[in-house]
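Asks: With the sequence up front, the predicted model follows.
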Amino acid sequence: MKTTPAYRLAATLLHGFDAYRTRFKAITQDASRRFREGAWREGQQASIDRINLYQQKVEEGLSSLRQAFSEDMLAHCELWREARGHYAELISQRLDYELAETFFNSLFCAVFNHRHIRNDWMFVESSRTNAAHRSGIELCRRHRVNGNWQKALKWALEGAELENPFADMNRDTRLGAKRLEALLPSAIAHAQDASIELLNSVFYRNKGAYLVGQIRGGGRHVPLVLPIRHSERFDEQAGADPGLHLDTVLIDPDDVAIVFSFTRAYFQVEVPVPGEFVDYLQTLMPHKPAGELYAAIGFFKHGKTEFFRALNRQVAKREDRFVIAPGVRGMVMAVFVLPSARTVFKIIKDRFDPAKDVTHAVVREKYRLVKRHDRVGRMADTQEFSNFIVHKDHFAPECLAHLLEVAPATVSLKGEKVIIRHCYTERMMTPLNIYLEQCSEDALLAALRDYGDAIKQMAAANIFPGDMLLKNFGVTRQGRVIFYDYDEVCYLTECRFRAMPAASGGDYLNGGNESFSIGPNDIFPEEFGPFMFANPERLRRFRTFHPELFEVSYWQGLQQAIVDGRIIDVYPYGNAQRFVDADP
C-alpha cells in the first residue's frame, strides 16, 4: 500500500504540512522572547511572516507534488479520492488533525484551481464525524480564591513565568482585587468555591501579554483576561526594564470579545490541542464563531474552513436569501449579504466609477496589505474565496440581476448554479451612515467620537484609509466603529499632508485664477470636513471631539513618529479601564 501513487500523494502532502507546522510553532514560541526583550518591530515582522508562511508552504507542497507526479496523474480526481482516505488514516491520531485537513484542501484547490469541491475528493466536511476523544492534555491551571482576591491574582501573575519582574506586584494585585470585588456578581465573588482558572499558554500580541481564562463560583462563571505590559519607559530606554505591570482586569464578556475581535492582529500563542483550545475559548465567548477563534490564535486558513462549513449549513437551512447590502452602493465593489449568517460578500466590479482610479490587481493588493498588517481593532478581517458556487434560488432575483450586470466577468450562471469566481467575505456590520440616522442622541455622540478614534488608531499603525466617507465604516454589536472598504487604503508614510495655500488676500484658493499643483499622494486635512459629513451640525460636533484631524501638523507628527521607529500603543480596551493612573 505504501508504494501506491495515492499513498505517496497523501504522504507528500502530510510532509508539507509538517514543515508548515514546525515553522509556525517556531515563530510562535519565540513570541515570549520578543516580549521579554521588547522587540516590537521584530514582533510585527514575525506576525507578517507567519501569515505569509501558509502560502509559502502550499507553494512548496505544490512544487513537491509536481516533481513526484505528472500533471496528468495529478489531474485524476480518483487519485485524490484514494489519497484522501490514506491521509485521513495518517492524521487520525493527530492533535491538529483539522489543520492538516485544511492543508490537504489548500493543495487540492491549488491543483484544481478551486474547482471540483466535493467531499469525496477533499475535506469539505471533517473526517471526524463524531466528537473526537479528548487528548487528556491539561490546558489550564486553577487556584481556589478562599476569599482573598489579591492573593489569587498574585498566583495568576507569578504562574505566568514571564521572566521579567513586575515593578510593583502588590499595587497591581491590590487594584485588580478592588476591580474584581466591584464588578463580580455577588454570587461569584462571595462563593465558597470561587476559583480562578487560566489557560497555561500566554497570549502575545503587539506590546501586550494576556492571561486568559475564567472565574468560577456558585455554579456560575465569567471570562477573565489579564493584560500585562511593560512600563511606558521601557521603549525609551532600550534594555533598561523598569518592570511589568498588570494593565487592567477584564471580566465583561463584551470587553473580552473585543480583545479577540476579528478586527485585530492574530495572537501568538502556543496551542497544544487546537480543537480543545478553541472549545475552551468558546465557553468564554459563546457568541463568537469557531472560525473567528481559530483565526484569532493564528490558524486563519482553518478559520476560513470553519466559516465555509458553517456558511454551507446556514445556506442549506433556506432561512433567507442573498440580498443586496443595505446602504449606498460602492463604486468599486458589489456587495451582498446573507442576513441570517451575519456575513457580507464583496465582489470587485468589472468597471469602476470614473472617480476611482484603481485596477482589479491594485484592489486585491490593498486587501492583502490589510490582511498582513496590524488591524489595531479598527479594520475588519476578510476571507478570500475563489469559484464559490451557490444554487440560483438562494439569491433574491434583484440581487442576482445586479451582480450579473456589474460583474459579469466574476459572476456567471451555469444551469441553476451561480458561479462566483472571486469574492471577499466580512462580518456584517451596520454602515455608519445608516447607524447615525437610526441611533439615539447619546449613541450618535459616542459613534462620532469613536469614528475619529478609529481614524487616529489606524494612522498610529501607519494606515491611512484614503476614503473616509461614513459609508466605508461600520458599527459592531458592541458599538465600535470599524473600517471595511480598502480600495484606497495606503501606508500613512506614503502620503504628503499639505496645507491649502492662501491667495495674496489671505483667503484659500477656491476657484480663482491662481493655481497650484497637486500630486497623487497629496492630502489636505483642512478639506476633510465636507467629504466626511454632509450634515454641518454633525461636522461641528465631530470637530469638538477631534480638532487635530483637520491639522496638517498632527498628521506630519504621526508620520515622523513612525519614521523614527516609534510603535504607538493601541489598547484593546478603554483608557479609563487601565490601572496606569489609578490611585494605589
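Replies: That came in fine, so what should we check first? Numbering: from 1, shown residues only.

Asks: Below-threshold pLDDT in the chain: ranges please.
Replies: 1-2, 129-133, 233-240, 503-517, 581-584 (pLDDT under 70).

Asks: how about the one residue sitting closest to the centre of it, what does it touch?
Replies: For the chain, the residue sitting closest to the mean C-alpha position, by Cα atoms, centre = their mean, is residue 262 at 3.5 Å. Contacts for residue 262 (Cβ atoms under 8 Å, 6 or more residues apart in numbering) come out as 292, 295-296, 380-381, 427. No exception for glycine: its C-beta is placed from N, CA and C like everyone else's.

Asks: Could you identify the helix or strand that succeeds the top helix by length along the chain?
Replies: Ranked by number of residues, the top helix in the chain under DSSP state H is helix 40-68. Remark: after helix 40-68, the chain's next helix or strand is helix 71-74, criterion DSSP states H and E.

Asks: Helices of the stretch 151-300 of the chain, residue ranges please.
Replies: Applying DSSP state H, counting those that start in this stretch to the stretch 151-300 of the chain gives helices spanning 169-183, 186-189, 253-259, 274-284, 290-296, 300-317.

Asks: nearest to residue 560, of those?
Replies: Residue 560 lies closest, by Cβ to Cβ, to one member of the helices of the stretch 151-300 of the chain: helix 253-259, at 29.9 Å.

Asks: Tell me the buried residues in that closest one?
Replies: 253, 255-259 (16 or more other Cβ atoms under 10 Å).

Asks: How many neighbouring residues does the nearest residue to the residue nearest to the centre of the chain once chain neighbours are set aside have?
Replies: Nearest non-adjacent residue to residue 262, counting by Cβ to Cβ, 6 or more residues apart in numbering: residue 381, 4.5 Å away. By other Cβ atoms under 10 Å, the residues close to residue 381 number 22.

Asks: can you pull the contacts of residue 381?
Replies: Neighbours of residue 381 in contact, by Cβ under 8 Å, 6+ apart: 262-263, 295, 300, 371, 375, 426-427.

Asks: do you know how far residue 304 is from residue 563?
Replies: Look at residue 304 and residue 563: by Cβ to Cβ, to the nearest Å, they are 35 Å apart.

Asks: quick one, which of those two is more surrounded?
Replies: residue 304 (21 against 10).

Asks: mind checking how far that one is from residue 427?
Replies: Relative to residue 427, residue 304 is positioned 13 Å away (criterion: Cβ to Cβ).

Asks: most neighbours, which of the contacts of residue 262?
Replies: The residue in the contacts of residue 262 with the most neighbours, by other Cβ under 10 Å, is residue 296 (26 neighbours).

Asks: residues touching it, list them.
Replies: Neighbouring residues of residue 296 by Cβ under 8 Å, 6+ apart: 260, 262, 264, 266-267, 281, 303.

Asks: Count the residues that sit near residue 472.
Replies: Residue 472: 21 neighbours (other Cβ under 10 Å).

Asks: Go ahead and confirm it touches residue 454.
Replies: No - taking Cβ atoms under 8 Å as the definition, residue 472 is not a contact partner of residue 454, at 10.7 Å.

Asks: got any residues that touch both of these two?
Replies: The contact sets of residue 472 and residue 454 overlap at residue 483 (Cβ under 8 Å, 6+ apart).

Asks: how about the strands in the stretch 351-500 of the chain?
Replies: 383-391, 411-414, 417-427, 430-431, 463-464, 473-475, 481-483, 490-491, 496-497 (DSSP state E, counting those that start in this stretch).

Asks: Name the strands paired with the second one and say parallel or antiparallel.
Replies: Right, strand 411-414. Strand 411-414 pairs in its sheet with strand 417-427 (antiparallel), by DSSP bridges.

Asks: And the first one, by the same measure?
Replies: When pairs are called by DSSP bridges, strand 383-391 turns out to pair with strand 417-427 (antiparallel).

Asks: Next, the buried residues of the partner strand.
Replies: By 16+ other Cβ under 10 Å, the buried positions in strand 417-427 come out as 418, 420, 422-427.

Asks: Next, the angle helix 300-317 makes with it.
Replies: If you take axes from the mean of the first three to the mean of the last three Cα atoms, to 10 degrees, strand 417-427 sits at 120 degrees to helix 300-317.

Asks: and for strand 417-427, what are the contacting residues?
Replies: In contact with strand 417-427 (Cβ under 8 Å, 6+ apart) are residues 262, 292, 307, 342-348, 367, 380-392, 394-395, 400, 403, 409-413, 476, 484.

Asks: Now do stretch 336-351: distance to the chain's middle.
Replies: 18 Å (Cα atoms, centre = their mean, to the nearest Å).

Asks: buried stuff in that stretch?
Replies: 336-338, 341, 343-349.

Asks: Now the terminal residues of that stretch, how far apart.
Replies: Terminal residues of stretch 336-351 lie 17 Å apart, using Cα to Cα, to the nearest Å.

Asks: Next: stretch 125-144.
Replies: End to end - Cα to Cα - stretch 125-144 spans 41 Å.

Asks: In the beta-sheet assignment, what are the partners of residue 419?
Replies: Going by DSSP bridges, residue 419 forms beta bridges with residue 389, residue 412.

Asks: one step back: columns distance to residue 44 on top of the strands of the stretch 351-500 of the chain, output as JSON lines?
Replies: Below are the strands of the stretch 351-500 of the chain laid out as JSON lines (distance: least, Cβ to Cβ, whole Å):
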{"stretch": "strand 383-391", "distance to residue 44": "22"}
{"stretch": "strand 411-414", "distance to residue 44": "37"}
{"stretch": "strand 417-427", "distance to residue 44": "23"}
{"stretch": "strand 430-431", "distance to residue 44": "31"}
{"stretch": "strand 463-464", "distance to residue 44": "13"}
{"stretch": "strand 473-475", "distance to residue 44": "25"}
{"stretch": "strand 481-483", "distance to residue 44": "19"}
{"stretch": "strand 490-491", "distance to residue 44": "13"}
{"stretch": "strand 496-497", "distance to residue 44": "23"}
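
Asks: how long is stretch 462-469 from one end to the other?
Replies: 19 Å.

Asks: and what of stretch 214-223?
Replies: Note: stretch 214-223 ends 4 Å apart using Cα to Cα.

Asks: In that stretch, which of the residues would be classed as buried?
Replies: Using 16+ other Cβ under 10 Å as the test for burial, stretch 214-223 gives 214-217, 221-223.

Asks: can I see the domain layout of this structure?
Replies: The chain breaks down by automatic domain parsing into domains covering 5-112, 140-313, 318-428, 432-550.

Asks: Same list (the ones you listed) but as TSV, adding distance to residue 125.
Replies: Shown next, in TSV, are the domains of the chain (distance: least, Cβ to Cβ, whole Å):
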stretch	distance to residue 125
domain 5-112	9
domain 140-313	7
domain 318-428	16
domain 432-550	29
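
Asks: Ok, which of these comes nearest residue 118?
Replies: Nearest to residue 118, of all those, is domain 5-112, at 8.0 Å by Cβ to Cβ.

Asks: how far out from the middle of the chain is the closest one?
Replies: Distance, centroid of domain 5-112 to centroid of chain: 21 Å (Cα atoms, centre = their mean).

Asks: Over to stretch 346-363?
Replies: With Cα atoms, centre = their mean, you get 24 Å for stretch 346-363.
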